[in-house]
Every structure is written in C-alpha cells, then in structure tokens.
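**Student:** I need the structure of the sequence given here:
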Amino acid sequence: MSGGAVPSLGIRLPPCDRADRIADAAAHAERLGFDNVWLPDSQLLWRDVFTALTAVALRTERVGLGTAVTNLVTRHPAVVASAARSIAELAPGRFHLGVGVGNSSVGPVGLRSSTRAELTERLTQVRALLRGEEWDYGSTRSRLRDPGPAVPIHLAASGPKNLRYAGEAADGVILLSGIAPANLADSLDRVREGARSAGRDPADIQVTASAYCHVTDDVERDARILKPVCATIARYGGRTSLALAGIEVDVPERFDEGEVYPDLIHAEDWDLAVEVAGRWVSDEAAVKFARAFCLFGTTGEIGARLAELGALGVTGLLVQHVGSYSLPYELMDALGDVLARSGSRA
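**Tutor:** Residues are numbered from 1 along each chain as shown. Model prediction:
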C-alpha cells in the first residue's frame, strides 16, 4: 500500500449484453494493455456476472478479472465460494473476488444491504470454504469439494467502519468515494488503521480507487453528465466529502425516483436522470465534482492524475464510463494513448 508507482489500470465492463460480447470487450481491453477488467453484479440490471466471467476467462490470457462487486445477500456465501473457485480454475492467478453490501442487487428485490456484522460472518464463511474447511450450518457441517486456487477477496467500502474492516481482514479494498485527494487520504488512513489493529502490514493490502472517467478537452461542457452520480453520493452520506472539495449539494433524503428507473445512478434514461439530478446539482457543482472526484480531461491530464494517485498510495484504478447499459469501447480506445505511454504495460 506504499505509494510511488503508477497504479494498475482497470476498466468496468457492465455485463449488459450476451456473455460472448462481454468477452469480446474484455479481449479488446487486454489488447489495449489494460491490467484488469471488473464486472459488476446486479441480477435484474445485467446478465449473470459469473456466467460472463466464465466467457471472459476463456477469451483472455493475461488481463486480471474481478467482480466489482458481488454480494452475500442475494447470493449465499457457499454459492459465491463455488462460483469464485470455478472462475479461478479457468484463470489461475488472475481472478479477484470483489464483495460489497448489496446496493443495486438487494434494493430492486426488496432486500436490505448487509450490516457489517453480517458481512464479516459471511466473508469469513467464504474464506473458510475456499480453503477447504468445514462450515457449521446448524444441523450439518459441510465443505467445498475441490476448493482449488487461492482467491484474493477485495472489499468495496466507503464508510469508516467498512474501511477499517477491509484493512483488518481483506486482501484488497475497492474505494467507492472517488479520487478527491482529501477523501482518498482519509479513506487510506482508515484502511491502514484497520490493518495495524489486526497486526497486518498496510503495504500488503491492494488499494483500488474507482472513478468515473471521460476523455475530453472541455470539462465545463461535459461535466453535466455526472449530475446523477454527484446527487447519489450526496444522498447517501457523501455531503461531507463533497463539501471538503467545495461542492455544495442539497439533495433531500427522500424523493420520488419513480420517474427514473431503477434509480439515478443506474438510470435507463440517463438524460432524464441528468434532468432530475439538476434540481439539486448545479452546472458549477458538476464541474467541481468532475475535476475533484473523477478523471475528466485530456489523456495527458488523466495520465498525470494517475501518477498523483500512485504517490498517495493507490495501487490500482478502476475507471468507468457514465451509464450502465453499454460497453465502454469509446473510453477504452481513448485511454489507449495513456496505456501506450506507460512503460509498465503490454
């Protein structure tokens, strides 16, 4: 977790199409030199993530694969352990299991996100099963047959408790709060605190920061597409983080999202989501958000920002395009120049 090197670069590929087409996109990312591809999991929004990852594993040879992220609510821990083992067998040493509290998987089916206690217990179960150990299920004890290769577990986190827990127990952490320097520094401090409290070396924990990315020479023109993202962060506990960057957004705790399906951050109609979020997020706030929390700018500016993130202690970056139901070919191709100029990549 010590800083200095340019972080590895990963791309988010929502499984919004047939598994073979997701594999095509992953193979394209590999050819361009991306270090990782990360697939999100939400059973009503996208195709099954482990089915897509199977196709990706069979179509690629070098690029790292990961879930960003699956959950242990709609998926039983034993099911996750078996699925993770299955992908790791197809891509030895390349698969990372990213796990979170649920979010877009649980809400649309009327369930709640994991509490930290639930997440701790269920992740412990997954780890035990992947090691081939038995687990007590009340009336029976069971184990995973053929546990297979080791699977690093990365925890998606933004709040202080989960950040500390990631430092205590996970192999890596996926930071969900953007890349504003003050927020990153605070998040990294929490992860390090957790690692030290558990007697671990913080340098052993992989830190992946997630950020929306858009290559442009006119941030002021394009930043408005981020309004739903900014509004969602403000609504779910991020007002303080935004305020640290001089961004004032007053989003009500409750408002009718019925006009935007399924929610602002995963809207099927992004233009409508931008219009709705514009009630609370001004053009000026969107520009500040783009510059502080996201990777919006020219390829040269983005490359320079990557180096800055490495100096802060970030070991990997997960970039994503705006929108949930298309594949980011345009963004991948636009970042090709950054990848080509990085001497550490293929």
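**Student:** Ile225 contacts Ala277, doesn't it?
**Tutor:** No: the pair Ile225 / Ala277 is not scored as a contact, 10.0 Å apart, by CB atoms under 8 Å. In short, each C-beta sits where N, CA and C put it, glycine included.
**Student:** Model confidence score at Met1, please.
**Tutor:** Per-residue confidence for Met1 comes out at a pLDDT of 51.
**Student:** residues contacting the residue nearest in space to the middle of the chain?
**Tutor:** For the chain, the residue nearest the mean C-alpha position is Ala68 (4.4 Å; CA atoms, centre = their mean). Each residue near Ala68 by CB atoms under 8 Å, 6 or more residues apart in numbering is listed here: 12, 38-40, 98, 156, 174, 210, 318.
**Student:** Likewise for Leu317?
**Tutor:** Each residue near Leu317 by CB under 8 Å, 6+ apart is listed here: 7-10, 179, 208-211, 295, 306, 309.
**Student:** Check which helix or strand Pro252 maps to.
**Tutor:** Under the criterion DSSP states H and E, no helix or strand holds Pro252.
**Student:** re earlier: inside strands: which ones of the contacts of Ala68?
**Tutor:** Secondary structure assignment (DSSP state E) places 12, 38-39, 98, 156, 174, 210, 318 from the contacts of Ala68 within strands.
**Student:** okay if I get these as TSV plus neighbour count and pLDDT?
**Tutor:** Rendered in TSV, the data for those read as follows (neighbours: other CB atoms under 10 Å; pLDDT from 0 to 100):
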residue	neighbour count	pLDDT
Arg12	22	98
Trp38	25	98
Leu39	24	98
Gly98	25	98
Ala156	25	97
Ile174	28	98
Ser210	23	97
Leu318	25	98
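**Student:** Out of those, which comes closest to Arg291?
**Tutor:** Distance from Arg291 was checked for each of those by CB to CB. The minimum falls on Ser210, at 16.8 Å.
**Student:** Write down the beta-bridge partners of the closest residue to that closest one other than its chain neighbours, one by one.
**Tutor:** Spatial nearest neighbour of Ser210, excluding adjacent residues (CB to CB, 6 or more residues apart in numbering): Leu318 at 4.3 Å. With DSSP bridges applied, Leu318 shows beta-bridge pairing to Gly10, Ser210.
**Student:** and which of the contacts of Leu317 is nearest to Leu45?
**Tutor:** Among the contacts of Leu317, Ser210 lies closest to Leu45 (CB to CB), at 17.3 Å.
**Student:** In this structure that closest one contacts Leu184, no?
**Tutor:** No: in terms of CB under 8 Å, Ser210 does not count as a neighbour of Leu184; the distance is 11.2 Å.
**Student:** thinking again about what came up before, same list (the ones in strands among the contacts of Ala68) but as a markdown table, adding distance to Leu119.
**Tutor:** As requested, the ones in strands among the contacts of Ala68 are exported to a markdown table (distance: CB to CB, whole Å):
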| residue | distance to Leu119 |
| --- | --- |
| Arg12 | 22 |
| Trp38 | 19 |
| Leu39 | 20 |
| Gly98 | 13 |
| Ala156 | 10 |
| Ile174 | 14 |
| Ser210 | 18 |
| Leu318 | 20 |
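**Student:** okay, and the common contacts of Ser210 and Leu184?
**Tutor:** By CB under 8 Å, 6+ apart, the residues touching both Ser210 and Leu184 are Leu175.
**Student:** More neighbours: which of Ile225 and Ala277?
**Tutor:** With other CB atoms under 10 Å as the criterion, Ile225 and Ala277 differ in neighbour count, and Ala277 comes out ahead with 26 against 20.
**Student:** ok, that one - contacts?
**Tutor:** The contact partners of Ala277, by CB under 8 Å, 6+ apart, come to 227-228, 230-231, 264.
**Student:** now do Val281
**Tutor:** Residues touching Val281, when contacts are defined by CB under 8 Å, 6+ apart, comprise 227, 230-231, 234, 249, 251, 289.
**Student:** So which residues of the protein form strands?
**Tutor:** Listed in chain order (using DSSP E), the strands of the chain are 8-12, 36-39, 64-67, 70-71, 95-100, 135-136, 141-142, 153-157, 172-175, 206-215, 295-297, 316-320.
**Student:** Format those strands as a markdown table; extra columns: distance to Ala245.
**Tutor:** Putting the strands of the chain into a markdown table (distance: least, CB to CB, whole Å) gives the following:
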| stretch | distance to Ala245 |
| --- | --- |
| strand 8-12 | 23 |
| strand 36-39 | 25 |
| strand 64-67 | 28 |
| strand 70-71 | 29 |
| strand 95-100 | 24 |
| strand 135-136 | 44 |
| strand 141-142 | 48 |
| strand 153-157 | 20 |
| strand 172-175 | 15 |
| strand 206-215 | 13 |
| strand 295-297 | 14 |
| strand 316-320 | 19 |
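**Student:** Point out the one among those that comes closest to Leu331.
**Tutor:** Relative to Leu331, the nearest member of the strands of the chain by CB to CB is strand 206-215, separated by 6.1 Å.
**Student:** How far off centre is that closest one?
**Tutor:** 8 Å (CA atoms, centre = their mean, to the nearest Å).
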